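Asks: The sequence isn't on hand, but the structure is:
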């Protein structure tokens, strides 16, 4: 544009200069339907220049309304963008009502109305207003029909957070009607079933969630442990159903100590302690886990002497292990070795007092007729249990 103006000015200057400086500045004659127009060349150039400028002016006037509209629209967009930015800042600072107001006020003029309405819906829920939340979600859907799934997923997420489990399930099912394996819908569905403790619904979902890969492995493990532990703990579960549940698990999950413990506890209830012992011993060989050590001590074996001998063989290498001492005490009780059981349990309490150890020793004292000692031990265990894991009570003098 600037270059064109420079060229025009150069031509104008040259034509004027030629008109005054040249002795013979040229001659132009136009004849059109009996009309004759004659002029010098510089004047022709001047006329052409003026015609060009006139056309430019007319075009500018013709385009002015459109350009004015574009300028106003750009101004409104920038204003809406500033409002949205201020709204997000207000939300980040905890000024929820202010942030919601700013986001929704300029949402219609914003380049991202969907984001404005979704953020406003979250702000409304955080203020405890479900009706207003639903209004913003509906407007988000109306402004961006193509983003219906995104709105439904946000709605389901908010409903889960707010405890509206049935409504959340309906929202997620609407997404899955069109996209049965939608990754985010599956993730939210898993979270929903976990919160509702609907283990029967969660179990078949776990393999899908593992394959989709959008749920952290630690969360998958947590859901797996809770669901399978609950199922293995169900009353009326027989050996066939227990083995079927175990076979459904991936090999990696079968090594999780909590699941090994749940299966062993189920086997013990089903009078299959020998199998439980074998599986616990194999698991402890791979990973020495306190939970499994304590459970090993509760086994009621056909040969209690061999059971105790194996624990004492471990104690030769782990003399200071309080969980193993507790297990040795329990095994000694099964073998009716009261003196040995008392010594092991007291040693466990000295190294790490726990309500569990106090309870076992108290039960032992009742068996051998020392009721006052048992009462003191039960009281110590109860106090320690109420104090929580942060407090480790000192062992009672009576326990020694």
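Replies: Yes, it's here. These numbers come from a predicted model, not from an experiment. Residues are numbered from 1 along each chain as shown.

Asks: shaky segments in this protein?
Replies: Along the chain, the parts satisfying pLDDT under 70 run over 1-34, 36-44, 60, 63-82, 84, 106-109, 387-400.

Asks: 80 instead, please
Replies: Within the chain, the segments meeting pLDDT under 80 span 1-88, 91, 106-112, 213, 302-304, 387-400.

Asks: Next, give phi and psi for the most centrally placed residue in it.
Replies: The residue lying closest to the centre of the chain (Cα atoms, centre = their mean) is residue 215, at 7.5 Å. Main-chain torsions, residue 215, degrees, to the nearest 10: phi -120, psi 130.

Asks: so it touches residue 184, yeah?
Replies: No - contact between residue 215 and residue 184 fails when scored by Cβ atoms under 8 Å: they sit 10.1 Å apart. Every residue, glycine included, has its C-beta placed from N, CA and C.

Asks: what about residue 140, neighbour count?
Replies: Residue neighbour count, defined by other Cβ atoms under 10 Å, stands at 25 for residue 140.

Asks: what about the closest residue in space to residue 188 that isn't next to it in sequence, which helix or strand?
Replies: Ranked by Cβ to Cβ, 6 or more residues apart in numbering and with sequence neighbours excluded, the top spatial neighbour of residue 188 is residue 156, at 5.3 Å. In the assignment (DSSP states H and E), residue 156 maps to helix 148-161.

Asks: can you pull the buried residues of that helix?
Replies: Of the residues in helix 148-161, 149-160 count as buried by neighbour count, 16 or more other Cβ atoms under 10 Å.

Asks: what does stretch 276-294 contact?
Replies: 255, 257-258, 260-261, 263-265, 267-268, 295-296, 299, 301, 307, 310, 321, 323-324, 326-327, 356 (Cβ atoms under 8 Å, 6 or more residues apart in numbering).

Asks: picking that back up, mind checking how far the helix holding residue 156 is from the chain centre?
Replies: The chain centroid and the centroid of helix 148-161 are separated by 13 Å under Cα atoms, centre = their mean, to the nearest Å.

Asks: same question, stretch 140-157
Replies: For stretch 140-157, the separation from the chain centroid amounts to 19 Å (computed by Cα atoms, centre = their mean).

Asks: Quote the end-to-end distance of that stretch.
Replies: End-to-end distance of stretch 140-157: 15 Å, with Cα to Cα, to the nearest Å as the criterion.

Asks: still on that earlier bit, wait, isn't the residue nearest to residue 188 in contact with residue 186?
Replies: No - using Cβ under 8 Å, residue 156 is not in contact with residue 186, being 11.5 Å away.

Asks: Could you pull out the strands in this protein for me?
Replies: 28-32, 35-39 (DSSP state E).

Asks: and the closest residue to residue 103 other than its chain neighbours, how many neighbours?
Replies: Excluding its sequence neighbours, the residue lying closest to residue 103 (Cβ to Cβ, 6+ apart) is residue 87, at 3.8 Å. When neighbours are defined as other Cβ under 10 Å, residue 87 has 26 of them.

Asks: ok, residue 87 touching residue 100?
Replies: Yes - between residue 87 and residue 100 there is a contact under Cβ under 8 Å: 7.4 Å.

Asks: how is this structure carved up into domains?
Replies: 216-296, 315-400 (automatic domain parsing).

Asks: Adding mean neighbour count and distance to residue 118, write the ones you listed out as a markdown table.
Replies: Shown next, in a markdown table, are these (neighbours: other Cβ atoms under 10 Å; distance: least, Cβ to Cβ, whole Å):
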| stretch | mean neighbour count | distance to residue 118 |
| --- | --- | --- |
| domain 216-296 | 16 | 24 |
| domain 315-400 | 18 | 40 |
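
Asks: could you dump those domains to CSV with distance to residue 51?
Replies: CSV is the format used below for these (distance: least, Cβ to Cβ, whole Å):
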stretch, distance to residue 51
domain 216-296, 73
domain 315-400, 93
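
Asks: For residue 123, which of the ones you listed is the nearest?
Replies: Each of the domains of the chain was scored for nearness to residue 123 using Cβ to Cβ, and the closest is domain 216-296 (26.7 Å).

Asks: gap between residue 144 and residue 224?
Replies: 37 Å (Cβ to Cβ, to the nearest Å).

Asks: repeat for residue 124
Replies: In terms of Cβ to Cβ, residue 124 sits 35 Å off from residue 224.

Asks: cool, residue 139 as well?
Replies: For residue 139 relative to residue 224 (Cβ to Cβ), the value is 40 Å.

Asks: can you give me the helices in the stretch 51-200 of the chain?
Replies: Per DSSP state H, counting those that start in this stretch, the stretch 51-200 of the chain carries helices over the ranges 96-105, 113-126, 130-143, 148-161, 165-178, 183-196, 199-202.

Asks: Repeat that for the stretch 251-400 of the chain.
Replies: Going by DSSP H, counting those that start in this stretch, the stretch 251-400 of the chain shows helices at 251-254, 257-269, 273-286, 290-296, 304-315, 322-334, 338-351, 355-367, 371-387.

Asks: Include distance to residue 193 when you put these into TSV, please.
Replies: Listed next are the helices of the stretch 251-400 of the chain as TSV, based on distance: least, Cβ to Cβ, whole Å:
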stretch	distance to residue 193
helix 251-254	17
helix 257-269	18
helix 273-286	28
helix 290-296	25
helix 304-315	40
helix 322-334	33
helix 338-351	39
helix 355-367	32
helix 371-387	32
